[in-house]
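> mind looking at a prediction? Sequence and model below.
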Amino acid sequence: MTTLAIAGWRIRLHGIPAWLDDAMADRYAAFIVPDGGKPDSSATVTLEQDVPDRQQRPYAVMRSGGVCLLDMPGGCGRICLDCWQTTLGLEQQNFWHNLEFSLKTWLAYLALRQGGLLLHCAGVLADGGAYLFTGEGGSGKSTVVALSPDKVALNDDLVVLRRNGTGWWAYGTPFWNQGATRRDGETADGPVTGVFKLVQDRRVYLESISAALAISELAANCPTVNSDPVELLAALNRCREVAEAVKVKRLHFRRSPSFWDLLQERDVT
Amino acid sequence: MRDLDSIPRRDSTVVSRLLDDEAVLVHPVQGKVRVLNPVGARVWELVDGQRTVAAIVKAIAAEYQADPAHVEIDVTAFCVDLAQRGVLAFDP
């Protein structure tokens, strides 16, 4: 049994095979907490026999009332969105990817239902504030983290936002992209200074955008819930709440840490 | 769309929000988010499943004091574009 705490929410995992203990300890080190107390959610994992045909199945999330059904290459799962009990049947092949896919899906729904938002972005803590960087694949999210070696990174792919008083607070997650920039064992949280959509450019500058564009940028980056018709309205409203409280701008940048000078010189809040 | 008497109807799964003068449209099935400019947002507002394209053209031309012939071209093209993107469909 392993208990993870992500953005303050605790999920207890049952049935993780012993051969994953080391990987679990490495990858989730900063998120593993003592097992005591009642968790917010729990997941029971069953290791299933490998079935070759199932490895070809694409990742899919489907809704059936208050239940979220997961289909994965070599696995399937069920998340109850009312009681937050998750059951997963995972084959050994792809086990880790499928477990993370399930945890990300769980977190996307839980965050939205609990008044927060899971955002597809890189997050870096600087001067006590969290700078969040959105962008399509290849736009530079991991690069921003790599260009910030002296700063604490929240994550290079997924960050949780939760309301804190009148503002928003960003929390790191363990879901790093596979690659050299990942910083397992590192996590942090802090008040959101701003959300910056990355635009690769020769010049480094900030560009203001309209409220609608700000909300659309957030909505395009709240995974899973933005493609669930049942949750979409709540997700869009949450994006609006965030955009009303936090500056959302485009950051034109090139592959150099010089963008930090701009961000930290200007009053982006 | 056959003619100006066609009635555009929003796709039922699309969620939209008007913000200032613009609109944000999210199509959950496609996973696409779009932003409409002020005129597009106004057209989207007028797409209520009852007004014909002609009625929308008339309203836009009056509100923006624009040449109805030009508005007809723009609104028609805009609605056809949205239809091609699966955001709306036409009745009949």
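Arrived safely.

> worst-scoring helix or strand of chain A, pLDDT-wise?
The helix or strand with the lowest mean pLDDT-type score in chain A, counting by mean pLDDT, DSSP states H and E, is helix A:21-27 (a mean of 82).

> can you pull the buried residues of that one?
Neighbour counts using 16 or more other C-beta atoms under 10 Å in any protein chain shown place A:24, A:27 of helix A:21-27 among the buried residues. Yep, even glycine has a C-beta here, placed from its N, CA and C like the rest.

> again, but for stretch B:13-29
Using 16+ other C-beta under 10 Å as the test for burial, stretch B:13-29 gives B:14-17, B:19, B:22-28.

> wait, does that stretch contact chain A?
Yes. Judged by C-beta under 8 Å from any C-beta of the partner chain, stretch B:13-29 comes into contact with chain A through B:13, B:15, B:17, B:19-20, B:22-24, B:26, B:28-29.

> still on that earlier bit, what does the least confident helix or strand of chain A rub up against?
Among residues not part of helix A:21-27, those counted as contacts by C-beta atoms under 8 Å, 6 or more residues apart in numbering or on different chains are A:2, A:16, A:32, A:96, A:174, A:184-185.

> can you check stretch B:9-25 too?
In this structure, residues lying in contact with stretch B:9-25 by C-beta under 8 Å, 6+ apart are A:210-213, A:215-216, A:219, A:229, A:232-233, A:236-237, A:240, B:26-29, B:33-38, B:40-41, B:44-45, B:47, B:49, B:86-91.

> now that stretch, how far from the centre of its chain.
Centroid displacement of stretch B:9-25 relative to its chain, using C-alpha atoms, centre = their mean, to the nearest Å, is 10 Å.

> straight-line length of that stretch, end to end?
One end of stretch B:9-25 sits 14 Å from the other (C-alpha to C-alpha, to the nearest Å).

> and for stretch A:114-127?
Across its full length, stretch A:114-127 reaches 28 Å between end residues, using C-alpha to C-alpha.

> which residue does chain A have closest to chain B?
Among residues of chain A, the one nearest chain B by C-beta to the nearest C-beta turns out to be residue A:212. It sits 3.5 Å away.

> skip the chain neighbours and tell me the closest residue to that residue.
Nearest non-adjacent residue to residue A:212, counting by C-beta to C-beta, 6 or more residues apart in numbering or on different chains: residue B:22, 3.5 Å away.

> and residue B:91, by the same measure?
What sits nearest to residue B:91 in space, not counting adjacent residues and going by C-beta to C-beta, 6+ apart, is residue B:7, at 4.4 Å.

> within range of chain A, give me the residues from chain B.
Among all residues of chain B, those adjacent to chain A (criterion: C-beta under 8 Å from any C-beta) are B:13, B:15, B:17, B:19-20, B:22-24, B:26, B:28-29, B:31, B:33-36.

> show me those that map onto strands.
B:15, B:17, B:19, B:22-24, B:26, B:33-36 (DSSP state E).

> low-confidence ranges in the chain?
Here I'm looking at chain A. Judged against pLDDT under 70, the low-scoring parts of chain A cover residues A:180-182, A:266-269.

> please go with chain B instead
Counting by pLDDT under 70, chain B contains low-confidence residues at B:1-2.
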